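>>> Coordinates for the following, if possible.
(one chain, ligands or ions: 2)
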Amino acid sequence: MAEVTRLLPPDAAGLAEAARLLAAGRLVAFPTETVYGLGGDATCAAAVASIYAAKGRPAKNPLIVHVADPAAARRFARFDALAERLADAFWPGPLTLVLPLREDAGLAPAVTAGLPGVALRVPDHPVAQALLAAFGGPLAAPSANPSGRVSPTTPAHVMAGLAGRIAAVIDAGPCPVGVESTIVGLSGGAARLLRPGGLPVEAIEACLGQPLLAAAEDQDRPEAPGRLASHYAPDAPVRLNAADPRPGEVWIGFGPACSGAALSLSASGDLAEAAAGLFDILRRADALAGPGGRIAVAPIPGHGLGRAINDRLARAAAPRPR
Ligand code: AMP
Ligand code: MG
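Ligands and ions are numbered 1, 2, ... in the order given. This next block holds a predicted model:
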């Protein structure tokens, strides 16, 4: 049912109203350092069901639970030594840990989509922190966009995809990191990279003193559902590693060699700048390409944040189910 989606300011009154809406089981999009999240009360089955409905998200794709601090996270999951070390080093920040769910966690079952683990994150954005404090509980929050489409890094992106489907958006400008959190799965003493993201893999491996293992990619039961195939998709088809544009393509450049590009992820070749602007530039390229148009993207280095950028671009370029 259509509703009027309100823009709330990130001040005390706006946050109190957002917390009131969340306590009533409504959905509020809020900024994090990675992307805008679509928040709902993680303990309320109806709120969690409406997250899936608003996004058109498949029921088997579980949600990340956002909490205020590591102590809150420990109430929902069992932490082993590796989990403690990573939480200590990187929370608050763009790292999600998938850990064994406690039997008495009290989260709505749909949050974990029937998996044995729960995904937990402590966001490092002052407005996300203030909202978690005002609400006083765990917030299930996937990216605030229709399922499968480009993630939102501004309030306008959220409105373009979800206006009329959610109660409110807290307007706090663009997200500084710009790509989703890195997801690490910890079970049985092993650490697996389930999704590259805003925290570089190199930093995690240095902290652990060991390489991260790859995620199991079993099509029937992937270790991290929702990672597969087409995602982050603009309307226009996307061609990767394009050193030059072909006729009819909107070329997205990276670095000084691409001075002729219509748009640039970073003219100087800075990966943090490229990550911060990635989803906005994909949206702008889509608008420039127009109906029947195509997008080409210059090669991006694979280290540091480049790993997350290339992961998102590969999914944006993947064959579409539509
Ligand atoms: P999004 O909220 O769109 O950033 O995506 C969250 C992703 O986190 C999902 O698509 C899964 O890959 C992963 N995830 C969330 N919860 C779990 C879980 N309980 N077990 C394994 N992976 C999870
Ligand atoms: Mg998402």
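>>> So, low pLDDT: which residues of this protein?
Counting by pLDDT under 70, the chain shows low-confidence ranges at 1, 217-228, 322.
>>> now do 90
For the chain, the stretches with pLDDT under 90 are 1-2, 188, 215-234, 259, 319-322.
>>> Where is the longest helix in it?
Ranked by residue count and defined by DSSP state H, the top helix of the chain is helix 271-289.
>>> Show me what that helix is packed up against.
Where contact means 3 or more Cβ pairs under 8 Å, 6 or more residues apart in numbering; DSSP states H and E, helix 271-289 is packed against helix 155-162, strand 249-253, strand 263-264, strand 294-297, helix 306-317. Quick note: C-beta positions are derived from backbone N, CA and C, even for glycine.
>>> now these in CSV, with mean neighbour count?
Shown next, in CSV, are the helices and strands packed on helix 271-289 (neighbours: other Cβ atoms under 10 Å):
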stretch, mean neighbour count
helix 155-162, 21
strand 249-253, 24
strand 263-264, 20
strand 294-297, 25
helix 306-317, 20
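>>> Now distance to ligand 1 too, for those, in a markdown table please.
Shown next, in a markdown table, are these (distance: least, Cβ to the nearest ligand atom, whole Å):
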| stretch | distance to ligand 1 |
| --- | --- |
| helix 155-162 | 13 |
| strand 249-253 | 22 |
| strand 263-264 | 24 |
| strand 294-297 | 21 |
| helix 306-317 | 11 |
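>>> Turn those into CSV, columns for distance to residue 117.
Formatted as CSV, these follow (distance: least, Cβ to Cβ, whole Å):
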stretch, distance to residue 117
helix 155-162, 27
strand 249-253, 35
strand 263-264, 38
strand 294-297, 33
helix 306-317, 21
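>>> The ones you listed: which one's closest to residue 77?
Closest to residue 77 of the helices and strands packed on helix 271-289 is helix 306-317 (Cβ to Cβ; 23.7 Å).
>>> who does the closest one touch, helix- and strand-wise?
strand 238-239, helix 271-289.
>>> give the contact list for the residue nearest the centre of the chain.
Centroid-nearest residue in the chain, with Cα atoms, centre = their mean: residue 180, separated by 3.3 Å. Residues in contact with residue 180 (Cβ atoms under 8 Å, 6 or more residues apart in numbering) are 34-35, 94, 143, 151, 195, 197-198, 308.
>>> rerun that using 7 Å as the cut-off
By Cβ atoms under 7 Å, 6 or more residues apart in numbering, residue 180 lies in contact with 34-35, 143, 151, 197-198.
>>> Which of those has the largest number of neighbours?
The most crowded member of the contacts of residue 180, judged by other Cβ atoms under 10 Å, is residue 34 (32 neighbours).
>>> Check whether it really touches residue 175, as I assumed.
Yes. Residue 34 lies in contact with residue 175 (Cβ atoms under 7 Å); the separation is 6.1 Å.
>>> Name the residues of the longest helix of the chain that are buried.
271, 273-286, 289 (16 or more other Cβ atoms under 10 Å).
>>> circling back to that earlier point, among the helices and strands packed on helix 306-317, which is nearest residue 40?
Nearest to residue 40 among these is helix 271-289 (21.8 Å), distances taken as Cβ to Cβ.
>>> could you give the angle of that closest one to helix 306-317?
20 degrees (axes from the mean of the first three to the mean of the last three Cα atoms, to 10 degrees).
>>> Relative to ligand 1, how far out is residue 146?
Residue 146 sits 11 Å away from ligand 1, going by Cβ to the nearest ligand atom, to the nearest Å.
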